[in-house]
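Participant: starting from these lines, generate the structure:
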Amino acid sequence: MSDDPITARLLRQAMPVFTTLASCLLVITIAAALYLGRDIFVPVTLAILLSFVLVPGVRLLRRIRVPRAIAVLVVVLTAFGALLGVALLIANEAAQLASDLPRYQVTMREKIGSLKEATAGSGTLSRMVDMVQDLSAELQPDLKTPIPEGTAGSAAHPFHVQIASAKAGLLGTLGAVAGPILHPLATTGLILIFTIFILLQREDLRNRAIRLAGSGDLRRTTAAIDDAVARLSRFFLAQLVLNIAFGVVIGLGLWWIGVPNPILFGVLAAIMRFVPYIGAAISALLPLIVAAAVDPGWSMVIATAALFLVVEPIAGHVIEPLLYGHSTGLSPIAVILAATLWAFLWGPIGLVLATPITVCLVVLGRHIDRLWYLDVILGDRPALSPPEIFYQRMLAGDPAEAIDQGQLFLKARALVTYYDEVVLAGLLMAQEDLSRGSLDRSRQDEVGTALRTVVSRLGALPVQRRTGSGASAGNSETSAAFDAIGPDRQVAATVLSPGDLPARWRAPRPVLCVSSRGPFDEAATLMLGQILGRHGLSAQVMSMAQLRRGETPEDLSGIALVCFSYLEPVSLSQIRLNVRQARRAIPGVKVLVGFWRERDPATIDRLRRTLSADALVTTLNGALDAALTFARRA
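Facilitator: The predicted model follows:
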């Protein structure tokens, strides 16, 4: 029995390892099931995703009182008829292109010869041209020279031996012929059947999904389903319209350039664009090859390349964000990772299904607590908040990234807002770690040095405000994180000139900012003094330790406002003593106390009644507002 506590402790220590191994085993099992069962999972997945596209059509027919079964059949058969027509069009155009290819062989040979002559002085390019010629020769049919009678077996004409497999039976022949035809037909039939039944039983399937997800919290489950349906429907419809328009523009452009079979290439461009990032580039290869084979010169190739280089960026970076923006909720790396994974599991069809399947996973991660990691790994929302990013960079001793983020923030908002919402919040995290004993002395010094670097660099920037969404020009993840921060207060745009100040406030430095004893109070006090100086109230910064050692400002009579800065908890009696000493030392001075970590309204009201300060604030914006008010009233 004495070993039970030890055994329990060892089991607790080994539990994370067991959990990790079990998670890896579960992932491998799911991947194996998806790979081995792709003949079933692919039609079901295609049917589910196709139902998202066809639901608006069914709803439209239902509004004009068409029975549900007839509406579903009409919409599904129309959609599959259109797909069949596209497939027949592709087959017809491809057959015509294949029949015309032999006419272009002379042009290709002349072009390869001219390239070889032009690159005769370049060894690398010459070898590349030779390689293309060798590959072309290998692709040509092997024409055998007939062997004259009576000379077989001689040295000049050796025996020609051909090994032929035994003739297959009737069933084998039927299987070899019918297999490639029946498999696509069977898959298409499964997709058709599943799509019809999913649309017919849509409400029942929704209710069953809610039951499986947990009917105890209908609000969260309904929100998850509505979010997934809205995102997928909007994404599919927008992408379908955009890709069809892209194919039409490409087809018309190739027709105007003079490339043969522009309809085929336009349809292929529309289909391939469903493959994220690389689909449009792949669809451009075949038209470029045909253009090079048709035109004796290079003008057609250049025009074709220019067509794709112009149309794709406009579609991807201008029209696409206007249609559905970031509605998918996926990060770019997640799209590439998903395309690679699903292409490995399900082949080319996996490339088309990768984005919608990953959207469903992200929605699950956002609404189901146990799957939160899916949203972190695959979603486009920032993994860390701006204060967390700032503090992490301070811990890493890398103030450069924090300075870059601050400059990005300042393109749209004021410095005091950045200090309040990002830097001060990061300082509070550092103070909490210090209170828990997580920061040793050396790490405190490193964080303090990085903080002073950030404050000095950002404070040196000119006071310049630009309205609008200037922050969107930078890193998209950082901009999305900053979007959660509220707008600037009106006081952030106020800058007083010397003529606006009374006589006492016109001293060289009329404000004295005193920091508390904590290692991070100095950074908060530096920010306060810097903000006041940028708005017309020059300040000098001193620590409480300096005042206790007898160090005082040069001209006490020129000080109109004393600001005490507290980041860590301090006794109220000590604060009251500091306020009284300041008023005795500087008659008529205004006293401001900043509690940067306090957020409870009841506690703030109690502190205001307890302390004898002229103002008690919890943010730098509040301190700036109070200081400007004191200066104006004086």
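Participant: who touches Ile48 in this structure?
Facilitator: Ile48 is in contact with Phe194, Ile198, counting by CB atoms under 8 Å, 6 or more residues apart in numbering. Where you see a C-beta, it was placed from the backbone N, CA and C, and this is true even at glycine.
Participant: can you check the pLDDT for it?
Facilitator: What the model reports for Ile48 is a pLDDT of 84.
Participant: likewise Pro102?
Facilitator: In this prediction, Pro102 carries a pLDDT score of 73.
Participant: I'd like to know how far it sits from Thr29.
Facilitator: 52 Å (CB to CB, to the nearest Å).
Participant: try Arg534
Facilitator: Separation of Arg534 from Thr29 (CB to CB): 60 Å.
Participant: equivalent analysis for Arg504, please.
Facilitator: 77 Å.
Participant: again, but for Arg206
Facilitator: For Arg206 relative to Thr29 (CB to CB), the value is 28 Å.
Participant: those two: which has the busier surroundings?
Facilitator: Arg206 (13 against 10; other CB atoms under 10 Å).
Participant: helix or strand for that one, which one?
Facilitator: Here Arg206 is covered by helix 202-213, with elements defined by DSSP states H and E.
Participant: on contacts alone, who are the packing partners of that helix?
Facilitator: Contacts defined by 3 or more CB pairs under 8 Å, 6 or more residues apart in numbering; DSSP states H and E place helix 202-213 against helix 218-257.
Participant: and the helices in the stretch 1-150 of the chain, which stretches?
Facilitator: Along the stretch 1-150 of the chain, counting by DSSP state H, counting those that start in this stretch, helices occupy 4-36, 38-63, 68-100, 105-118, 123-139.
Participant: now the ones you listed in CSV, with distance to Leu547?
Facilitator: Shown next, in CSV, are the helices of the stretch 1-150 of the chain (distance: least, CB to CB, whole Å):
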stretch, distance to Leu547
helix 4-36, 51
helix 38-63, 69
helix 68-100, 80
helix 105-118, 82
helix 123-139, 75
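Participant: domain-wise, how is this protein divided?
Facilitator: If you go by automatic domain parsing, the domain ranges for the chain are 1-31, 37-116+183-200, 386-488, 492-633.
Participant: for Ile319, which of those is the nearest?
Facilitator: Closest approach to Ile319 among the domains of the chain (CB to CB): domain 386-488, 17.8 Å.
Participant: for the stretch 1-150 of the chain, which spans come out with low pLDDT?
Facilitator: Counting by pLDDT under 70, the stretch 1-150 of the chain contains low-confidence residues at 1-4, 105-108, 111-150.
Participant: try the stretch 501-634 of the chain
Facilitator: Across the stretch 501-634 of the chain, the ranges flagged by pLDDT under 70 are 554-555, 569, 634.
Participant: where along it do the helices fall?
Facilitator: Going by DSSP H, counting those that start in this stretch, the stretch 501-634 of the chain shows helices at 521-534, 544-548, 572-585, 601-610, 620-633.
Participant: in the shortest one, what's buried?
Facilitator: Going by neighbour count (16 or more other CB atoms under 10 Å), the buried part of helix 544-548 is Met544, Leu547.
Participant: for Arg234, see how far away the residue nearest the centre of the chain is.
Facilitator: Among the residues of the chain, the one closest to the centroid is Ser331, at 2.6 Å (CA atoms, centre = their mean). Between Ser331 and Arg234 the computed distance is 18 Å (CB to CB).
Participant: export the domains of the chain as TSV, with columns for distance to Ile314.
Facilitator: As requested, the domains of the chain are exported to TSV (distance: least, CB to CB, whole Å):
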stretch	distance to Ile314
domain 1-31	38
domain 37-116+183-200	24
domain 386-488	19
domain 492-633	38
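Participant: ok, which of those domains comes nearest Phe344?
Facilitator: Nearest to Phe344, of the domains of the chain and by CB to CB, is domain 1-31 at 8.9 Å.
Participant: Leu89 touches Val267, doesn't it?
Facilitator: Yes - counting by CB atoms under 8 Å, Leu89 does reach Val267; the two are 6.4 Å apart.
Participant: right, and Val249 touches Val311 too?
Facilitator: Yes - using CB under 8 Å, Val249 makes contact with Val311 at a distance of 5.5 Å.
Participant: what about Leu89 and Val267, which has more around it?
Facilitator: For Leu89 and Val267, the more surrounded residue by other CB under 10 Å is Val267, and the numbers stand at 22 against 13.
Participant: name the element that one belongs to?
Facilitator: helix 262-272.
Participant: now do that helix and helix 218-257, the angle between them.
Facilitator: 160 degrees (axes from the mean of the first three to the mean of the last three CA atoms, to 10 degrees).
Participant: quick one: mean pLDDT over helix 262-272.
Facilitator: Mean predicted lDDT for helix 262-272 stands at 87.
Participant: beyond that helix, next helix or strand please.
Facilitator: helix 279-294.
Participant: residues of that following helix that come out buried?
Facilitator: For helix 279-294, by 16+ other CB under 10 Å, it's Gly279, Ala280, Ser283, Ala284, Leu286, Pro287, Leu288, Val290, Ala291, Ala292, Ala293, Val294.
Participant: helices and strands around the helix or strand that comes right after that helix, which ones?
Facilitator: Sequence order places helix 299-314 as the next helix or strand after helix 279-294, per DSSP H and E. Helix 299-314 is packed against helix 218-257, helix 279-294, with contacts defined by 3+ CB pairs under 8 Å, 6+ apart.
Participant: winner for burial among these?
Facilitator: Each of the helices and strands packed on helix 299-314 was assessed for mean neighbour count using mean count of other CB atoms under 10 Å. The highest is helix 279-294, with a mean of 19.
Participant: what residues does it touch?
Facilitator: Under CB under 8 Å, 6+ apart, the answer for helix 279-294 is 97, 101, 104, 107-108, 111, 246, 250, 254, 257-261, 265, 268-269, 271-273, 275, 298, 300-301, 303-305, 308, 312, 315-316, 351.
Participant: show me which of the residues you listed are buried.
Facilitator: By neighbour count, with 16+ other CB under 10 Å, the contacts of helix 279-294 hold 104, 108, 111, 246, 250, 254, 257, 259-261, 265, 268-269, 271-273, 275, 300-301, 303-304, 308, 312, 315-316, 351 as buried.
Participant: mean confidence score for the helix holding Arg206?
Facilitator: Mean predicted lDDT for helix 202-213 stands at 75.
Participant: report the angle between it and helix 38-63.
Facilitator: Using the same axes, to 10 degrees: helix 202-213 against helix 38-63 is 130 degrees.
Participant: now the angle between helix 68-100 and helix 202-213, please.
Facilitator: 90 degrees.
Participant: with only the CA atoms kept, save stretch 443-451 in CSV.
Facilitator: C-alpha atoms of stretch 443-451 as CSV (Å, rounded to 0.1, in the frame of the first residue of the first chain):
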residue,chain,number,x,y,z
ARG,A,443,14.8,38.6,-16.9
GLN,A,444,13.3,41.7,-15.2
ASP,A,445,16.2,43.7,-16.4
GLU,A,446,15.9,42.4,-20.0
VAL,A,447,12.2,43.2,-20.1
GLY,A,448,12.8,46.6,-18.6
THR,A,449,15.5,47.4,-21.2
ALA,A,450,13.2,46.2,-24.1
LEU,A,451,10.3,48.3,-22.7
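Participant: closest to Gly406 out of the helices of the stretch 1-150 of the chain?
Facilitator: In terms of CB to CB, the element of those nearest to Gly406 is helix 4-36, at 37.4 Å.
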